[in-house]
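**Student:** return a 3D structure for these sequence lines:
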Amino acid sequence: MSRKSFLLLALLLALSIPARAADIAGKWTASFDTQIGVQNYTYTFKVDGAKLTGTAESQFGKTEITEGTVKGDEISFVESVNYEGNALKIEYKGKISGDEIKFTRNVADMVTEEIVAKRVK
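**Tutor:** From the prediction side, this is the model:
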């Protein structure tokens, strides 16, 4: 096999291996300041392939995570909460790095917050 053929074969094999989702299953916590005061969250993530489910729990209650995906080190999901009788959709997009996830959190298309969640060990 020529060097050129070998390199082509190696490249094709590398491209055929799907990107592995980061291992984020389990509990994560975050504490961050918002317009309504400090919020303390516990996220419990479950992963099945690229699908992310679980719960988000704060002093305002516990909600199911919906629309969740994990692709490589990228994560996204939605938390739907009822705050003082108002339904709010909170969208999360984040990047996983070891035992930390840096999130951008968009609250009802009105407020964007940067938060960091840390893995519970």
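**Student:** and the helices in the protein?
**Tutor:** 3-16 (DSSP state H).
**Student:** is the most centrally placed residue in it bridged to anything, and to what?
**Tutor:** Computing the C-alpha centroid of the chain and ranking residues by Cα atoms, centre = their mean puts Ile75 first, at 3.4 Å. Counting by DSSP bridges, Ile75 is bridged to Val70, Gly94.
**Student:** wait, it sits on Asp23?
**Tutor:** No. Checked against Cβ atoms under 8 Å, the pair Ile75 and Asp23 is beyond contact range at 11.5 Å. For the C-beta atoms, the positions are set from N, CA and C on the backbone; glycine is no exception.
**Student:** thinking again about what came up before, OK, contacts around the residue nearest to the centre of the chain?
**Tutor:** By Cβ atoms under 8 Å, 6 or more residues apart in numbering, the contact list for Ile75 reads Ala22, Ile24, Leu52, Gly68, Thr69, Tyr92, Lys93, Gly94, Lys95, Ile96, Ile101.
**Student:** now the second one: phi and psi?
**Tutor:** Just to be clear, that refers to Ile24. phi -120, psi 0 (degrees, to the nearest 10).
**Student:** let me see the contact set for it.
**Tutor:** Contacts of Ile24 (Cβ under 8 Å, 6+ apart): Phe45, Val47, Leu52, Val70, Ile75, Ile96, Ile101.
**Student:** can you lay out the residues you listed as CSV showing pLDDT and distance to Val116?
**Tutor:** Below are the contacts of Ile24 laid out as CSV (pLDDT from 0 to 100; distance: Cβ to Cβ, whole Å):
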residue, pLDDT, distance to Val116
Phe45, 97, 15
Val47, 96, 20
Leu52, 97, 18
Val70, 97, 18
Ile75, 97, 13
Ile96, 96, 11
Ile101, 97, 7
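**Student:** list just the nearest of those to Asp109.
**Tutor:** Nearest to Asp109 out of the contacts of Ile24 is Ile75 (Cβ to Cβ; 19.9 Å).
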